[in-house]
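Visitor: With the sequence up front, the predicted model follows.
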Amino acid sequence: MFCKTCGSLLVPKKTPYGKWMACPNGHSQPELVQESKDISIKNKEEGKRLEVNLGENPLAVHDHICPRCKHDKAELIEISASYSDEDNIYRMKCGKCKFVKQLEGKVT
Ligand SMILES: [Zn+2]
Ligand SMILES: [Zn+2]
């Protein structure tokens, strides 16, 4: 690839935004710079999303203190008892340590 301004052979350049080919005479290559920036931002967002889900259950949105680790959010699991006359069974699954506690009675 060659510089769009002076025609010099482009050389690899390292910047805080990423790596791309740049003119040794300092001419900017708008298209190349734009492309590298997009890739950099995309990677950053994916890293963030991974961090958020790491070890935390996204379904654990119910207020419930875990008897084991004291985490205060749990996933509500409903086990339908439609096959019998009994009430549905509800369980709270800790969003952190995955400890499952069966609830007594109905959850409203
Ligand atoms: Zn140039
Ligand atoms: Zn727990």
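Guide: Everything's here; your move. Ligands and ions are numbered 1, 2, ... in the order given.
Visitor: going forward, measure contacts and count neighbours with C-alpha atoms only.
Guide: Noted.
Visitor: And the strands in this protein?
Guide: Applying DSSP state E to the chain gives strands spanning 11-15, 18-22, 62-63, 73-79, 89-94, 100-102.
Visitor: Same list, these, but as TSV with mean pLDDT, mean neighbour count and distance to Thr5 please.
Guide: Converted to TSV, the strands of the chain look like this (pLDDT from 0 to 100; neighbours: other CA atoms under 10 Å; distance: least, CA to CA, whole Å):
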stretch	mean pLDDT	mean neighbour count	distance to Thr5
strand 11-15	85	10	14
strand 18-22	83	18	11
strand 62-63	94	14	60
strand 73-79	91	19	59
strand 89-94	91	21	61
strand 100-102	92	16	65
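Visitor: Could you point out which of these sits nearest Lys4?
Guide: strand 18-22 (10.2 Å; CA to CA).
Visitor: which other helices and strands contact that closest one?
Guide: With contacts defined as 3 or more CA pairs under 8 Å, 6 or more residues apart in numbering; DSSP states H and E, the packing partners of strand 18-22 are strand 11-15, helix 30-53.
Visitor: That one versus strand 11-15: what angle between them?
Guide: With axes from the mean of the first three to the mean of the last three CA atoms, to 10 degrees defining the directions, strand 18-22 sits at 150 degrees from strand 11-15.
Visitor: Comparing the helices and strands packed on strand 18-22, which yields the minimum mean pLDDT?
Guide: Mean pLDDT across the helices and strands packed on strand 18-22 is lowest at helix 30-53; the value there is a mean of 57.
Visitor: now Arg91: how far from ligand 1?
Guide: Separation of Arg91 from ligand 1 (CA to the ion, to the nearest Å): 66 Å.
Visitor: swap that for Glu78, sorry
Guide: The spacing between Glu78 and ligand 1, counted by CA to the ion, is 66 Å.
Visitor: from now on call the first residue 58
Guide: OK, 58 is where the count begins now, so the last one is Glu135.
Visitor: right, and that residue touches Tyr147 too?
Guide: Yes: the pair Glu135 and Tyr147 passes the contact test of CA atoms under 8 Å, sitting 4.7 Å apart.
Visitor: intersection of neighbour lists for those two?
Guide: Applying CA atoms under 8 Å, 6 or more residues apart in numbering, one finds that no residue jointly contacts Glu135 and Tyr147.
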